[in-house]
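Engineer: Return atomic coordinates for the entry below.
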Amino acid sequence: MRAAEIAIRRAGAQFADWEKVRALILDAFAYMRGRIDPPSSAFRMTAASPAEDGLAGALLVAERDSELVGCAFVRPKGDALYIAKLAVRPDLQGRGVGRALMAAVREEARARGLAALELQTRIELVENHATFARLGFVKIAETAHPGFTRPTSITMRAPV
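Structural biologist: Residues are numbered from 1 along each chain as shown. A predicted model of the protein is given here:
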């Protein structure tokens, strides 16, 4: 698949496919079940959760032939645009959808006058650490979820 086949758009107020977004995220995050502790908040998403997240910032959707194939929620956090629930349909991972989404996220950050991108990924998901490092992200912190005495996530940042 070529990047030209992927269209990225900012979901506006008329967006109505929230259940498709939730299903995409659950599908893309399924490999984490049993690998990370505590479980991802994605697994607690309700039908209303994606719309609430979208209202807190913005939703970028990746489409191929008008079909949802990826998404990323973004919101300002200090001098950065925070990226949450970055998801790509599992059968299309490694084929440019994530890169196209990240390029759109960078454009969104520039349009907002922000200097950096920020995200969190779980300690156990070392393949994600490597993927984000290839996209220019560096580890800046480790954090622990409430009730944990060990780090459960790492925070990564990249310049816009």
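Engineer: Going by C-alpha atoms from here, please, whenever you check contacts or count neighbours.
Structural biologist: Noted.
Engineer: which helix of this protein spans the most residues?
Structural biologist: helix 97-111 (DSSP state H).
Engineer: Show me what the lowest-mean-pLDDT helix or strand in the chain packs onto, helices and strands only.
Structural biologist: Lowest on mean pLDDT, DSSP states H and E among the helices and strands of the chain sits helix 49-56, with a mean of 80. Where contact means 3 or more Cα pairs under 8 Å, 6 or more residues apart in numbering; DSSP states H and E, helix 49-56 is packed against helix 18-29, strand 67-77.
Engineer: any idea how far that helix is from the chain center?
Structural biologist: When C-alpha coordinates are averaged (Cα atoms, centre = their mean, to the nearest Å), helix 49-56 and its chain have centres 13 Å apart.
Engineer: hmm, back to that, Serialize the helices and strands packed on helix 49-56 to a markdown table and add fields for distance to residue 41 and mean neighbour count.
Structural biologist: Listed next are the helices and strands packed on helix 49-56 as a markdown table, based on distance: least, Cα to Cα, whole Å; neighbours: other Cα atoms under 10 Å:
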| stretch | distance to residue 41 | mean neighbour count |
| --- | --- | --- |
| helix 18-29 | 10 | 19 |
| strand 67-77 | 14 | 22 |
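Engineer: so which of those gets nearest residue 132?
Structural biologist: Nearest to residue 132, of all the helices and strands packed on helix 49-56, is strand 67-77, at 14.1 Å by Cα to Cα.
Engineer: ok, back up a step: hey, what's the angle from the least confident helix or strand of the chain to helix 18-29? Just curious.
Structural biologist: For helix 49-56 against helix 18-29, the angle by axes from the mean of the first three to the mean of the last three Cα atoms, to 10 degrees is 100 degrees.
Engineer: And whichever helix or strand comes after helix 49-56, how far out from the chain middle?
Structural biologist: For helix 49-56, the following helix or strand on the C-terminal side (DSSP states H and E) is strand 58-64. Taking Cα atoms, centre = their mean, one finds strand 58-64 lying 11 Å from the centre of the chain it belongs to.
Engineer: contact partners of stretch 98-118?
Structural biologist: 3, 6, 8, 60-62, 70-72, 74, 79-83, 86-88, 155-160 (Cα atoms under 8 Å, 6 or more residues apart in numbering).
Engineer: Show me which of the residues you listed are buried.
Structural biologist: 6, 8, 60-62, 70-72, 74, 80-83, 86-88, 155-158, 160 (16 or more other Cα atoms under 10 Å).
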